[in-house]
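Chemist: my questions concern the predicted model and sequence given below.
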Amino acid sequence: MAEVLHLPKIGDIVDTITNADETKRRQSIESFYSTLARITATHDTEEESIETERTSETEEEPETPKEAIVLEEPVIQDEPAVQKRAKPKETSSFTSFGTISLDDVKPKHFDFQLREAADDLSLPVELIEEFVHDFIDQAHQETKKMLKAYEKGDLKSVQKIGHLLKGASSNLRINPLSDTLYKIQFCEDPSQLESLIKDYWAHFLSFENQINRTTN
């Protein structure tokens, strides 16, 4: 068996045991077991070492996982809030023409007849009278706007108001009053506006007085 296992030392001990007397045989047997124990321990150790080596060879180290590539969404920074610029206060680009007071204006008389206007327009006198009163109310309101536009130096607004009142007075056949408003509508010289506005107002006062007398 020792030869099969290629253990020559064990074979020598076995031969010694076989040929030895009783005294030496006991010692040889103890030597046999001692040697056999060392061979077994060494063999086990060698096997464990071999097994460990095999394990280390066969068990590959776990592949270190590659770092996951995280595709992060681009961080879009909020655009800085656009501060709303305060709208600049609207300032008039006009230069005031001054102020006009109509308190001292005296009426300039001209003759206006409701009947004649009604006949010319082929309308009932009552209807013309109603239109005339509406026109008087309108003239008071628009004249106030005209004076404010004059104070602001707004020539275009003064002209537009003159055009509005001129059209209404012309439709009612209040011709002398319409003529004064016509001049205001097409006036391009601010220095002449004051006299034209007062002339218009003088005619208007005369017209208003006539209507008040004839319709009351």
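Modeler: Yep, it's here.
Chemist: what are the boundaries of the helices in the chain?
Modeler: Assignment of helices within the chain using DSSP state H yields the ranges 8-19, 22-58, 114-121, 125-152, 155-171, 175-185, 190-215.
Chemist: now the weakest link among these, please, by mean pLDDT.
Modeler: Across the helices of the chain, helix 22-58 has the smallest mean pLDDT, namely a mean of 54.
Chemist: how about E194, what does it touch?
Modeler: By CB atoms under 8 Å, 6 or more residues apart in numbering, E194 lies in contact with F97, G98, I100, Y150. C-beta here means a position set from N, CA and C on the backbone, and glycine is covered the same way.
Chemist: pull out the buried residues from these.
Modeler: Buried positions within these, assessed by neighbour count (16 or more other CB atoms under 10 Å), are F97, I100, Y150.
Chemist: quick check: the last one touching T95?
Modeler: No - under the contact definition of CB atoms under 8 Å, Y150 does not touch T95, with a separation of 11.6 Å.
Chemist: if we can go back for a sec, want to throw the buried ones among the contacts of E194 into JSON lines with distance to Y182?
Modeler: JSON lines is the format used below for the buried ones among the contacts of E194 (distance: CB to CB, whole Å):
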{"residue": "F97", "distance to Y182": "20"}
{"residue": "I100", "distance to Y182": "19"}
{"residue": "Y150", "distance to Y182": "18"}
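Chemist: A168: which of the residues you listed is nearest?
Modeler: Comparing those against A168 with CB to CB picks out Y150 as the nearest, at 20.0 Å.
Chemist: could you chop this structure up by domain?
Modeler: Annotated domains of the chain cover 8-57, 114-215 [automatic domain parsing].
Chemist: start to end distance for the last one?
Modeler: Chord length of domain 114-215, first to last residue, is 10 Å (CA to CA, to the nearest Å).
Chemist: okay, now K106: neighbour count?
Modeler: 10 (other CB atoms under 10 Å).
Chemist: show me the contacts for the closest residue to it other than its chain neighbours.
Modeler: Counting by CB to CB, 6 or more residues apart in numbering, K106 lies nearest to A202, which is 6.2 Å off, once chain neighbours are set aside. If you count contacts by CB under 8 Å, 6+ apart, A202 has them with V105, K106, P107, K108.
Chemist: now, among the residues you listed, which is nearest to I197?
Modeler: V105 (9.2 Å).
Chemist: state the distance from the closest one to E126.
Modeler: 31 Å (CB to CB, to the nearest Å).
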